[in-house]
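Peer 1: What follows is a predicted structure for the sequence shown.
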Amino acid sequence: MSFWLPQTFREVTAGRWLVRPEPDPAEMELTGLSTDTRTLQAGQAFCALVGPNFDGHDFLQKAVDAGSPLLIVQREDAVQTLDLRGAYVLLVDDTLGALGRLAAHYRRGFAARVIAITGSVGKTTTRQMIHAVLGTAFRGIASPHSYNNHIGVPLTLLSVRPTDRYVVVEAGTSAPGEISRLARWIEPDIAIITHIGPAHTDKLIDTDTIAREKASLLSHLRDDGLAIVNGDSEPLRPHLKPLRSLITFGQTAECDLRLTDYQPTPHGAQFEINERASYMLPTLGRHSATNAMAAVAVGRHMNLTDEQIAEGLKQVELPAMRLQTQRCGAGEKAVTIINDAYNANPDSMTAALGVLAEHPAAGRRIAVLGDMLELGSQEQAAHQQVGKALVKHAFDLVICIGRRMQAARERAAERLGPQRVHGFDQWSGDLPARIADLLQAGDVVLIKGSRDTALERLVPAIEARFGTSASVSETKNGS
């Protein structure tokens, strides 16, 4: 029986028909499932999810108008005034739970290899790297955007096509128990854990708790599954003992795949594994090269050649605002922006500062940093840690934005001097222009902060002063 029959949906969700038109729904095949009427395509089922700030039942008529033949609802009253136009309606206890059950059932039936990624930092970039590597030989998909939660993971699994050989799924968490819930649906063939560090410590408390949460992904590996784990993360080690098949990657001597050389280039970086295999990346940072080794491990496990793996890594498309390099202006008058403003925690902030320190800059190196959020009781210490990194690298100019970042600013100013450290406790409309005025031709500027600080708002002001031009990756690719 095809999964995409309405009768299968009813059986898997234990729902009941509110509206069951003719012909028999068991004979009418769906083309997929959607939770968003803005992207819903004719023939797809519509699942009306309910959240704290939205209710999918408000869009049922739009779903019918867009050509959905099946509505999955948890509110019977929401259907009473609809013009169903032949659509049928399935009532379930909880639409979110139904979405998860459908995804888990579908996952057990498809042939694609399921590769799941979690970790404190580097999940999305590692996902892109694996997708690029495997895409040189196979047809497959990866989680779009940051589809790494209880909605995004089921939708990713449900989008797998019969001809796909793999799906790369990102699994995120901000509270205990979330990874285990996702992993029960995913049942990974390959489970990857990137670096473990302080993130979401308002709920996950400390790195041991974070490691336990992330490692719960490994408990749901299939019997013949493979774990690929960052061997430099000490808190993970107690969780690796029960594993049957394990590959570690990192920079320490004990790792199976070791980063033995790293060299930044004008268009990214070149790195070496175990003093033998050499690869190129269109992104900066030792941490990026370390995460790329996980992609190498996946490629080798799926019998790709080193040539295929190398070609895939060269073609990695970076997610927006994750170490994205852009030149504003032309020639010697240009300013280079390293836009890493998508999000931040102490480890990713330290890694990004390392990227800035190693950049082959002709002019000044400047760090523009915003607050790190969701750190709970570790907030003060975490920002002080960033201050130590600023002192270590002795950047030419440091600009701190937000009251939390004051702790880093004070630490940096003690050693670098107040003339090299500027602070702004809160955002204002003229702040982007004021910061742009502090820059000079030839500067390399790192922009990084937590998502809610939205530091990418600085970029237009820098472009307005120095001019716009293609990103480094676009220039490299000749587009």
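Peer 2: Arrived safely, thanks for sending.

Peer 1: buried sites along the strand ranked longest in the chain?
Peer 2: If you go by DSSP state E, the chain has its longest strand at strand 257-265. Across strand 257-265, burial judged by 16 or more other Cβ atoms under 10 Å covers 257-259, 262, 264. In this view, the C-beta of every residue, glycine as well, is placed from N, C-alpha and C.

Peer 1: Could you dump those into TSV and include pLDDT?
Peer 2: Converted to TSV, those look like this (pLDDT from 0 to 100):
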residue	pLDDT
Leu257	98
Arg258	97
Leu259	97
Tyr262	94
Pro264	86
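
Peer 1: tell me which of those is nearest to Thr81?
Peer 2: Using Cβ to Cβ, Leu257 is the member of those that lies nearest Thr81, at 59.7 Å.

Peer 1: outside of the host helix or strand of Leu155, which residues touch it?
Peer 2: Secondary structure assignment for Leu155, by DSSP states H and E: helix 152-158. Contacts to helix 152-158, defined as Cβ atoms under 8 Å, 6 or more residues apart in numbering, come from residues 32-33, 35, 99-100, 102-104, 106-107, 114, 141-147, 167, 169-171, 182, 185-186.

Peer 1: out of those residues, which are inside strands?
Peer 2: Using DSSP E, the contacts of helix 152-158 in strands are 32-33, 114, 141-142, 167, 169-170.

Peer 1: These, buried ones only, as a PyMOL selection?
Peer 2: To isolate the buried ones among the ones in strands among the contacts of helix 152-158 in PyMOL, judged by 16+ other Cβ under 10 Å, type:
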select buried, resi 33+114+141+142+167+169+170
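
Peer 1: Output the ones in strands among the contacts of helix 152-158 in CSV; the columns should cover distance to Leu313 and pLDDT.
Peer 2: Formatted as CSV, the ones in strands among the contacts of helix 152-158 follow (distance: Cβ to Cβ, whole Å; pLDDT from 0 to 100):
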residue, distance to Leu313, pLDDT
Gly32, 31, 95
Leu33, 33, 97
Val114, 22, 98
Ile141, 19, 97
Ala142, 15, 96
Val167, 20, 98
Val169, 20, 97
Glu170, 18, 95
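
Peer 1: Now the two most distant members of the ones in strands among the contacts of helix 152-158.
Peer 2: Counting by Cβ to Cβ, the most remote pair of the ones in strands among the contacts of helix 152-158 is Gly32 and Glu170, 20.3 Å apart.

Peer 1: can you list the domains in this structure?
Peer 2: 6-93, 110-314, 324-464 (automatic domain parsing).

Peer 1: Can you pull the phi/psi pair for the closest residue to Tyr342 other than its chain neighbours?
Peer 2: Excluding its sequence neighbours, the residue lying closest to Tyr342 (Cβ to Cβ, 6 or more residues apart in numbering) is Met321, at 4.0 Å. Here the main-chain torsion angles of Met321 (degrees, to the nearest 10) amount to phi 60, psi 30.

Peer 1: Thought Ala341 was touching Met321, still the case?
Peer 2: Yes. Met321 lies in contact with Ala341 (Cβ atoms under 8 Å); the separation is 4.8 Å.

Peer 1: Pick out whichever of those two has more residues nearby.
Peer 2: Ala341 (27 against 18; other Cβ atoms under 10 Å).

Peer 1: So what would you say the end-to-end distance of stretch 65-81 is?
Peer 2: 14 Å (Cα to Cα, to the nearest Å).

Peer 1: Number the residues from 52 up from this point.
Peer 2: Happy to do that; since the first residue is 52 now, the last one works out to stretch 116-132.

Peer 1: from the chain's centre, how far out does it sit?
Peer 2: Distance of stretch 116-132 from its chain centroid, counting by Cα atoms, centre = their mean, to the nearest Å, is 32 Å.

Peer 1: Likewise for stretch 460-467?
Peer 2: Worked out by Cα atoms, centre = their mean, stretch 460-467 lies 32 Å from the chain centre.

Peer 1: Name the secondary structure element that contains Val280.
Peer 2: Using DSSP H and E, Val280 sits within strand 277-281.

Peer 1: how big is the angle separating that strand from strand 308-316?
Peer 2: 50 degrees (axes from the mean of the first three to the mean of the last three Cα atoms, to 10 degrees).

Peer 1: what is the orientation angle of the next helix or strand after strand 277-281 with strand 277-281?
Peer 2: Once the chain leaves strand 277-281, the next helix or strand it forms, by DSSP H and E, is strand 297-301. On the basis of the same axes, to 10 degrees, strand 297-301 is oriented at 20 degrees to strand 277-281.
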